[in-house]
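> Give me a 3D structure for the following:
(2 chains)
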Amino acid sequence: MSEARDDAAAHDRRAVVRDSLGVGIATGVYGASFGALGVTSGLTVLQTCAMSLLVFTGATQFAFIGVLASGGGPMSGALTGLLLGTRNTLYGLRLAPLLKLGRARRLASAQLVIDESTAMAVTRPATELVRTGFYWTGLSVFVLWNLFTFLGAVGGSTIGDPRDFGLDAAVGAAFLALLWPRLRDGRNVGVGLAAAAVALLLVPVTAAGVPVLAAGGVALLAGVLLRTRSEP
Amino acid sequence: MTWLAIVVAGVGCWALKAAGLSVPPRVLERPLVERVADLIPVALLSALIAVQVFTTGHRLTVDARALGLGVAVVLLLLRAPFLVVVFGAALAAALVRLAVGG
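As a prediction, the model looks like this:
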């Protein structure tokens, strides 16, 4: 009886590991696009790789280099990136009671709190499987994301003028692909259009980097104004 | 300056993640905070797309990048994977530049 249960548990665990590695490979490989776009936005190969290692959260990294590519300073890039990184705090809040980690392991594991590791962990029925999903996804994305960032950065720095390859257009497409799943919600479409309009209106009259940060204000305003309507 | 910004972003992002794992849930589990946190990525990504695609320096422009974005929309509607969307948009922009010599 208990042997059958152990078999079932091992089977569940293997399934979670397999799914996690699949997500890890699919996500890690697109580190190549970050690497290529990082060097074309003016970072060195070493800086691009350092960002994947230290920042390790895709949307934040793309935002940082997006601000650089449109002429903004590195600090406004970092600030925009940090605003996008705030969602990882909410992921951490959801994960904490499920992972049940001690203080030291919490701090050591924090870097792995990203979209994918959260998604592969929070749906699991038991602590053991939550941890399996979180660590296998987080670590496989981490290793491959960094490896492919390096390969993309080396590749991107050897091709000459990135505009000839349309890589400046690829940045916008990458942002749209990250945004796409959220556009099923009509409210998000409205907020997105308002934010884009505010940013474009500010471009001619403000320093580079400011328009995107100002769009963060649109999110704040919308969050306050939409209170009455969106309460379930 | 760039290195400093990278380190600031790195330490800051790690702190944001660690804070989520460490603070008592009630501190951040308020409807307003959750709603704003949910809307921030939408607003920032939309603004980044607009600035990235439709501006050059301080001017508003429409060029090959807009076509690339259009191709990205079509590919996303066809449920293409991330890499196909990104490099499909790049290919479209590169080809139109090659065609018109711009």
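
> what does the domain assignment say about chain A?
Chain A breaks down into these domains under automatic domain parsing: A:2-184, A:185-232.

> Export those to a markdown table and append columns for mean neighbour count and mean pLDDT.
Every C-beta, even on glycine, is put in place using the N, C-alpha and C of the backbone. Shown next, in a markdown table, are those (neighbours: other C-beta atoms under 10 Å in any protein chain shown; pLDDT from 0 to 100):
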| stretch | mean neighbour count | mean pLDDT |
| --- | --- | --- |
| domain A:2-184 | 20 | 90 |
| domain A:185-232 | 18 | 87 |
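
> Ok, which of those domains comes nearest residue B:20?
domain A:2-184 (1.9 Å; C-beta to C-beta).

> Tell me which of the domains of chain A sits nearest to chain B.
Among the domains of chain A, domain A:2-184 comes nearest to chain B, with 1.9 Å by C-beta to the nearest C-beta.

> residues in contact with the residue nearest to residue B:22 when sequence neighbours are not counted?
Ranked by C-beta to C-beta, 6 or more residues apart in numbering or on different chains and with sequence neighbours excluded, the top spatial neighbour of residue B:22 is residue A:106, at 5.9 Å. Listed by C-beta atoms under 8 Å, 6 or more residues apart in numbering or on different chains, the contact set of residue A:106 reads A:96, B:18, B:21-22.

> give me the element residue A:106 is part of.
Residue A:106 belongs to helix A:103-109 when assigned by DSSP states H and E.

> Pretty sure residue A:131 is one of the things residue A:16 touches, is it not?
No: using C-beta atoms under 8 Å, residue A:16 is not in contact with residue A:131; the gap is 9.6 Å.

> do you know how far the residue positioned nearest the centre of chain A is from residue A:25?
Centroid-nearest residue in chain A, with C-alpha atoms, centre = their mean: residue A:58, separated by 3.1 Å. The gap separating residue A:58 from residue A:25 is 15 Å, by C-beta to C-beta, to the nearest Å.

> Show the contacting residues for the closest residue to residue A:20 other than its chain neighbours.
Excluding the flanking residues, the one nearest residue A:20 by C-beta to C-beta, 6+ apart is residue A:136, at 3.6 Å. Residue A:136 is in contact with A:16-17, A:20-21, A:24, A:120, counting by C-beta under 8 Å, 6+ apart.

> Grab the nearest non-local neighbour of the residue nearest the centre of chain B.
Of all residues in chain B, the one closest to the mean position by C-alpha atoms, centre = their mean is residue B:45, 4.2 Å from it. Spatial nearest neighbour of residue B:45, excluding adjacent residues (C-beta to C-beta, 6+ apart): residue A:179 at 4.2 Å.

> rewinding a little: mind checking the domains of chain A for the one nearest to residue B:57?
Nearest to residue B:57, of the domains of chain A and by C-beta to C-beta, is domain A:2-184 at 6.3 Å.
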